[in-house]
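In: Predicted model and sequence below, questions to follow.
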Amino acid sequence: MKKVSVALTGAGGQIAYHLIYSISKGEVFGFDTQVDLRLVDIPEVLPKIEGLVMELEDSRLTLLSSVSIHSDQQLDQAFQSIDFAFLVGAFPRLAGMERKDLLEKNGLIFKTQGEALGAYAKPSVQTLVVGNPCNTNCLIALSHAKNIPSNQFYAMTLLDEFRASYQLAKMCQVPVVDITDLYIYGNHSATQFPDFTNARVKDQPIISVLDQSGLETTFVPMIQQRGAAVIKARGSSSAASAARSAAETAHKIWSQSSTPFSVAVVSSGCYDAPDGIVVSAPYYFKDGKGRVYDRFDHDATAKAMIEKSYQELLQEREAVIALGFLDE
Ligand code: NAD
Ligand code: LMR
């Protein structure tokens, strides 16, 4: 039986409550792989996590070989020789807050965690950042993780892709599997560009079926604001859907998916992305190496929307440099 050591921060939070089960049931690392799970949260939350561990014990999870609980002050133990890190723990966006408001609260968390990954995790560790603002938190973490290649850090935008494919499927009155070639560009924020211009329905361009200007004025803002709409309706941010997307993203990374999926990685210049930011684009693996799938064309309107999101990421980068979480 194979074995994988996995750390999950924010273990007492609402996303973790769902994600832990996907990890423990084999949906992420495979049904032939045992999981050594390290749960991390702030000290006040650790008693609650003991209750969660009781639930895990009561669930007869045959692939869960061990579970341990760690405070955020014990990252030397939590991250020791891990193969995969889910960085979910963060201060969540509350109603009325924009993601950039979170930069200051979360900068220190991700600097500390990046340093600890560099110091204690396996050099091959793969890291998925979910905690918002996830692109810039990911940038901070990878910048402080000595000896770990920056292309082993990812920020989650698959939830946005899932949201976008559902809405297009609904508009076209087809099952969601009939929507393909739909990817998210830029930031996981209200500037993201869900690229309907290359999307296809039953292998036909979406723009040959739906009105393009309607897509620009209704579909794009709906996806950009979907996270905020969930917060408004639920009173707290998306959790089950975020956990489902995190599990699926990690599975695609771990299994080196040859089919492209939306995820944010450090810029390689594809799609004119500026250096030094973590940007979403279609991503896939070939010959054991991850790369941006760079074969889509964008018209001037799409390019302008993508550029707007890059500009926001550059501003976030400037803000965290000013706060001292990143070097120039
Ligand atoms: P939550 O508030 O329910 O849980 C967050 C947990 O993180 C809490 O238990 C908190 O104590 C813990 N935490 C805080 N600081 C920590 C630290 N330094 N180390 C370890 N744990 C720490 O939040 P949630 O709903 O689970 O969401 C978690 C994050 O994911 C938020 O930032 C949210 O905005 C983000 N999110 C991202 C996406 C995405 O698509 N990228 C989607 C949904 C939510
Ligand atoms: C989401 O997209 O649901 C999360 O990132 C929460 C948010 O702040 O929008």
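Out: Here it is on my side, so go on. Being a predicted model, the structure only gives us computed values, none of them experimental. Ligands and ions are numbered 1, 2, ... in the order given.

In: and the closest residue to ligand 1 within the stretch 1-150 of the chain, how many neighbours does it have?
Out: Nearest residue of the stretch 1-150 of the chain to ligand 1, counting by C-beta to the nearest ligand atom: Gly13, 2.0 Å away. Every C-beta, even on glycine, is put in place using the N, C-alpha and C of the backbone. Gly13 is flanked by 23 other residues according to other C-beta atoms under 10 Å.

In: same deal with the one 3 residues further on?
Out: Residues near Ala16, counting by other C-beta under 10 Å, number 26.

In: what does Glu57 give?
Out: 11.

In: Got phi/psi on it?
Out: Taking degrees, to the nearest 10, you get phi -60, psi -40 for the backbone angles of Glu57.

In: hmm, back to that, confirm for me that the residue of the stretch 1-150 of the chain closest to ligand 1 is in contact with Val88.
Out: Yes - counting by C-beta atoms under 8 Å, Val88 is a contact partner of Gly13 at 6.5 Å.

In: re earlier: and the gap between the residue of the stretch 1-150 of the chain closest to ligand 1 and Asp41?
Out: Distance, Gly13 to Asp41, by C-beta to C-beta, to the nearest Å: 8 Å.

In: Now for Pro92: which residues touch it?
Out: Gly13, Asn132, Ser236, Ser237 (C-beta atoms under 8 Å, 6 or more residues apart in numbering).

In: tell me which element Ala141 falls in.
Out: For Ala141, the host element (DSSP states H and E) is helix 134-144.

In: And ligand 1, is that helix touching that?
Out: Yes - contact of helix 134-144 with ligand 1 (C-beta under 6 Å from any ligand atom) involves Cys134.

In: Output the contacting helices and strands for that helix.
Out: Secondary-structure packing of helix 134-144 (3 or more C-beta pairs under 8 Å, 6 or more residues apart in numbering; DSSP states H and E): strand 84-87, helix 102-120, strand 126-129, strand 153-156, strand 261-266, strand 278-286, helix 300-322.

In: Just put those in TSV and tack on mean pLDDT.
Out: As requested, these are exported to TSV (pLDDT from 0 to 100):
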stretch	mean pLDDT
strand 84-87	99
helix 102-120	93
strand 126-129	98
strand 153-156	98
strand 261-266	98
strand 278-286	98
helix 300-322	96
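
In: Dump these to JSON lines, plus mean neighbour count and distance to Ala250.
Out: Formatted as JSON lines, the helices and strands packed on helix 134-144 follow (neighbours: other C-beta atoms under 10 Å; distance: least, C-beta to C-beta, whole Å):
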{"stretch": "strand 84-87", "mean neighbour count": "28", "distance to Ala250": "7"}
{"stretch": "helix 102-120", "mean neighbour count": "20", "distance to Ala250": "15"}
{"stretch": "strand 126-129", "mean neighbour count": "26", "distance to Ala250": "5"}
{"stretch": "strand 153-156", "mean neighbour count": "28", "distance to Ala250": "9"}
{"stretch": "strand 261-266", "mean neighbour count": "25", "distance to Ala250": "10"}
{"stretch": "strand 278-286", "mean neighbour count": "23", "distance to Ala250": "13"}
{"stretch": "helix 300-322", "mean neighbour count": "18", "distance to Ala250": "23"}
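
In: Now for Gly13 and Asp41: what residues contact both?
Out: Gly89.

In: State the phi and psi torsions of the nearest residue in space to Gly12 that is not next to it in sequence.
Out: Using C-beta to C-beta, 6 or more residues apart in numbering and skipping residues adjacent in sequence, the residue nearest Gly12 is Val45, 3.7 Å away. Taking degrees, to the nearest 10, you get phi -90, psi -10 for the backbone angles of Val45.

In: what about the residue in the chain that ligand 2 sits nearest to, how many neighbours?
Out: Closest to ligand 2 within the chain is Gly227: 2.2 Å, counting by C-beta to the nearest ligand atom. Burial of Gly227 is recorded as 23 neighbouring residues (other C-beta under 10 Å).

In: Could you check how far the residue nearest the centre of the chain is from Ile15?
Out: Nearest to the mean C-alpha position of the chain, counting by C-alpha atoms, centre = their mean, stands Met156 at 1.4 Å. Going from Met156 to Ile15 by C-beta to C-beta gives 10 Å.

In: same thing with Gln173?
Out: For Gln173 relative to Ile15 (C-beta to C-beta), the value is 31 Å.

In: Which of those two has more residues huddled nearby?
Out: Taking other C-beta under 10 Å, Gln173 and Ile15 do not tie; Ile15 has more neighbours (27 against 8).

In: now that one, what's its secondary structure?
Out: What DSSP: H, G, I helix; E, B strand; the rest coil gives for Ile15 is helix.
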